[in-house]
Structures are given as structure tokens and as C-alpha cells.
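Enquirer: After the sequence you'll find the predicted model.
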Amino acid sequence: MGTTDLFDLDGKVALVTGASRGIGEEIARLLAQQGAHVIVSSRKREDCEAVANAIREAGGSAEAHACHVGRLDDIHAIFEHVRARHGRLDILVNNAAANPYFGHILDTDLTSFEKTVEVNLRGYFFMSVEAGKLMREHGGGAIVNTASVNALQPGDRQGIYSITKAAVVNMTRAFAKECGPLGIRVNALLPGLTKTKFAGALFEDEALYQSWMAQIPLRRHAEPREMAGTVLYLVSDASSYTNGECIVVDGGLTI
């Protein structure tokens with residue numbers, strides 16, 4: 001009895017944003033391991049190139065392309081590149097995120113507000129629009145948005161970030177509803193406390209970290225690689241009838 005090919009991504013073209021480190025890097029590595037050609041994207045090309053090189057050295061197929069999803073010109077440029085080089089896109093993982101402000105919600109400054117909304121909301125929206133247009137031409141595809149458990153329970157001192165992640169959940173459902181008839185499935189991953197540079201503030205504040213630990217039944221934080229498997233499921237044939245779903249991966253935090 002052979003192994004399943006439900007998770008086989010051979011021949012698929014995948015674009016992963018925020019893929020130079022953390023959860024995005026692990027997603028990019030796993031999708032490549034399963035046979036996808038992965039476009040590794042984040043703001044800095046050299047960081048993307050390091051991940052793409054590691055994937056190629058491991059026998060996978062990958063390329064690097066800088067894209068700041070908070071800039072509409074960058075979004076248009078990367079899709080022009082995808083269209084010209086590949087002519088198609090099968091998988092989009094919206095994983096890039098911004099969380100420049102950690103503090104009381106009443107002290108949120110306009111610059112932090114705008115940066116968070118530009119990347120987490122506007123960026124995800126127009127990346128999905130461009131990917132959806134390309135997928136529509138080729139009979140479908142899969143989009144996964146990285147949201148957060150903060151979408152369900154606002155994080156302490158993470159007001160605007162939590163608000164944008166809640167919007168990502170509804171955006172996921174809105175795209176799923178309208179793009180489903182086009183053969184495009186749209187789902188979301190909601191990670192819990194994960195050890196990344198991005199989440200550094202949560203680990204540096206010992207009292208805050210311990211308060212999280214007390215609420216997580218598994219009594220530990222997640223490693224980035226523990227998020228990648230759920231994304232693989234959501235972009236593969238294993239989830240062919242999963243659409244508009246928001247999967248919480250948090251060790252039981254939100255029970």
C-alpha cells in the first residue's frame with residue numbers, strides 16, 4: 001500500500017509573502033518539499049534569496065522576488081513578473097504582516113495605524129485580487145491568509161494588529177464566497193503564540209509570556225514549522241472541499 005498523493009504539489013506555482021523568515025519561511029520550504037515551485041517573497045530580496053537558495057540546495061525549486069505588500073506598485077510588479085515568467089499561479093499564501101505598535105490602544109499613532117492597515121488588510125486584499133484574476137484564467141487555485149488568534153480574542157497591547165487580523169478573517173470568507181464559483185478556494189490559518197522574531201515582544205515580556213502559557217493546554221508555544229502543515233493541507237487536494245474556513249492552530253489557547 002503506497003503513500004497518499006493528496007499533498008502532492010508537483011507542477012504547482014506558489015507565491016508566499018513574508019517568506020524570508022519565521023512561519024513564511026517554513027511554509028515556503030514545505031511547499032517546495034512537496035513539489036511546488038515557490039516564489040519566495042518579502043521586502044528584502046537578499047533575505048528571500050537565502051531561503052530560495054536553501055530550498056534549491058535541498059533539491060526543491062524556488063526563486064526570490066522582493067515585494068512590499070504595503071505598496072500597490074510592488075504588488076502589481078510581482079504579478080507582472082509571475083504572469084510573464086510562469087503565466088499562471090496556483091497557490092498564494094498571504095503571510096507578510098506588520099505590527100509596528102505594541103502598547104495601549106489609546107496611544108496608537110497614525111503612522112502605526114496606517115502601516116498596519118496597509119500591510120495586513122490592503123496588502124492581503126490586493127494580493128488576493130491579483131492572484132484571483134490570474135487563477136480565474138486557469139480554472140482555479142488556492143489562497144491562504146495568515147490571520148491570528150488575535151482575530152478572535154484581541155491581544156493585550158495589540159489593538160490595531162488584532163483589529164486587522166479580525167478583518168482578514170471576514171475578508172477570507174468574502175473572497176471564498178465570491179471566488180468559490182471560479183474554482184478558487186480561500187481559507188485562513190490562525191496561529192497562536194509562535195516563536196518568531198515578529199512575535200518578539202510577547203516573549204520579551206516575561207509576565208505576558210507566562211500569562212499565555214497558563215492559558216495554553218499544551219503548556220508551550222509553537223515553533224514556526226508547526227504552522228506549515230495546516231497551510232499544506234489548505235493548498236493541496238486534501239482540502240478540495242474546504243473553502244472559507246479559518247483554522248485555529250493554537251495549542252488549545254482559545255478553548
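Expert: Happy to help now that I have it. Numbering: from 1, shown residues only.
Enquirer: ok, the residue nearest to residue 193 when sequence neighbours are not counted - contacts?
Expert: Computed as CB to CB, 6 or more residues apart in numbering, the closest residue to residue 193 that is not its neighbour in sequence is residue 221, at 4.5 Å. In short, each C-beta sits where N, CA and C put it, glycine included. Each residue near residue 221 by CB atoms under 8 Å, 6 or more residues apart in numbering is listed here: 192-195, 203, 212-213, 251.
Enquirer: Within its sheet, name the partner strands of the lengthiest strand in the chain and how each one runs.
Expert: When the chain is parsed with DSSP state E, its longest strand is strand 184-191. Counting by DSSP bridges, the strands paired with strand 184-191 are strand 141-146 (parallel), strand 246-249 (parallel).
Enquirer: which two in the contacts of residue 221 are spaced the farthest apart?
Expert: The two members of the contacts of residue 221 with the most space between them (CB to CB) are 203 and 251, at 15.1 Å.
Enquirer: Mind checking which of the two has more residues around it?
Expert: residue 251 (23 against 15; other CB atoms under 10 Å).
Enquirer: need the contact list for that one.
Expert: Counting by CB under 8 Å, 6+ apart, residue 251 has contacts 192-193, 216-218, 220-222.
Enquirer: hey, where'd the strands end up in the protein?
Expert: For the chain, the strands defined by DSSP E occupy 13-16, 37-42, 61-66, 91-94, 141-146, 184-191, 246-249.
Enquirer: from the strands paired with strand 184-191, which stretch is densest packed?
Expert: Most buried of those by mean neighbour count (mean count of other CB atoms under 10 Å) is strand 141-146; its value is a mean of 27.
Enquirer: Could you export that strand as CSV, CA atoms only?
Expert: Extracted in CSV, the C-alpha atoms of strand 141-146 (Å, rounded to 0.1, in the frame of the first residue of the first chain):
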residue,chain,number,x,y,z
GLY,A,141,-6.4,27.9,-7.3
ALA,A,142,-5.9,28.2,-3.6
ILE,A,143,-5.3,31.2,-1.4
VAL,A,144,-4.4,31.0,2.3
ASN,A,145,-4.3,34.1,4.6
THR,A,146,-2.3,34.0,7.8
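Enquirer: follow-up on the earlier one: nearest to residue 28 among the contacts of residue 251?
Expert: Once CB to CB is applied, the member of the contacts of residue 251 that ends up nearest residue 28 is residue 222, at 17.5 Å.
Enquirer: Please state the offset of stretch 58-72 from the chain centre?
Expert: Distance of stretch 58-72 from its chain centroid, counting by CA atoms, centre = their mean, to the nearest Å, is 13 Å.
Enquirer: okay, how far is it across it, tip to tip?
Expert: In stretch 58-72, first residue to last residue: 33 Å (CA to CA, to the nearest Å).
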